[in-house]
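Asker: Below are the sequence and a predicted model; questions follow.
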Amino acid sequence: SLKRNLKHLDKEIKGIEDRLLKLVKQDQQQQLTLLTSIPGIGIKTALFLVVITDGFSKFEKASQLCSYVGITPTIRESGSSVRGRSRISKVGNKKLRNLLFLCAFNACKHNKACKEIYERIVTKGKSKKLALIAVANKLLKQAFAIAKSGLPYDENYVSVLANG
């Protein structure tokens, strides 16, 4: 009976996901297409990003979105004696943070900018998990930039600010 219940619940979840996708496609098809053009971000993550951020209208800066998700580093200090290791804040949406972390694995293989960040951090001797969190942060910033600009992903894009 438990297996039957699980099968039924899985079917319900699939139906809800399909309805959600249909609703978001009616309203935000352009953003879904743009977000899935980023190597490493799939339809589920793109869908979740659009829903959670209300079509990216809730945030003005990528840093605000990163803080909201909880993948920004926090430094633990107390006076001059206690200097703890910096960790991610984990304040925010756990489900989205998990999705981005899983997307980071794929992005390390297929997303040029993410691959560079990952390799740079690992060659410095930092842990691979820390590098993956940095990649997830980069993916989120790319998603924000693409959603706000309305331009599809371009792996050779160089910011005009980077040359200054």
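Answerer: Perfect, thanks for sending it.

Asker: residues contacting Leu65?
Answerer: The neighbours of Leu65, taking CB atoms under 8 Å, 6 or more residues apart in numbering as the test, are Thr53, Phe56, Phe59, Leu140, Phe144. C-betas here are computed from N, CA, C, even on glycine.

Asker: And the residue nearest to the last one when sequence neighbours are not counted, what's its pLDDT?
Answerer: With CB to CB, 6 or more residues apart in numbering as the criterion, Phe144 has its nearest non-adjacent residue at 4.1 Å, and that residue is Ala62. Looking at Ala62, its pLDDT stands at 88.

Asker: Leu9: which of the contacts of Leu65 is nearest?
Answerer: Thr53 (27.5 Å; CB to CB).

Asker: For Lys115, see how far away the closest one is.
Answerer: 25 Å (CB to CB, to the nearest Å).

Asker: With neighbour numbers in mind, choose between the two.
Answerer: Thr53 (19 against 16; other CB atoms under 10 Å).

Asker: so who does the more buried one touch?
Answerer: Applying CB under 8 Å, 6+ apart, the residues near Thr53 are Phe59, Leu65, Ala147.

Asker: on that earlier part again, I figured the residue nearest to Phe144 hits Leu139, correct?
Answerer: No - using CB atoms under 8 Å, Ala62 is not in contact with Leu139; the gap is 10.9 Å.

Asker: Looking at these two, which is more packed in?
Answerer: Leu139 (27 against 18).

Asker: Look at that one and report its pLDDT.
Answerer: 91.

Asker: Mind checking what secondary structure it has?
Answerer: Using DSSP: H, G, I helix; E, B strand; the rest coil, the secondary structure recorded for Leu139 is helix.

Asker: Isn't it up against His110?
Answerer: No - contact criterion CB under 8 Å: Leu139 and His110 do not qualify, at 11.3 Å.

Asker: measure Ile88 to Lys25 for me?
Answerer: Counting by CB to CB, the gap from Ile88 to Lys25 is 32 Å.

Asker: what's the answer for Lys148, then?
Answerer: 20 Å.

Asker: Assign Ser57 to helix, strand or coil.
Answerer: coil.

Asker: per-residue confidence at it?
Answerer: Here the pLDDT value assigned to Ser57 is 87.

Asker: One more: Ser78?
Answerer: Model confidence at Ser78 (pLDDT) stands at 68.

Asker: about what we covered before: what's near enough to touch the residue nearest to Phe144?
Answerer: By CB under 8 Å, 6+ apart, the contact set of Ala62 is Leu140, Lys141, Phe144, Ala145.
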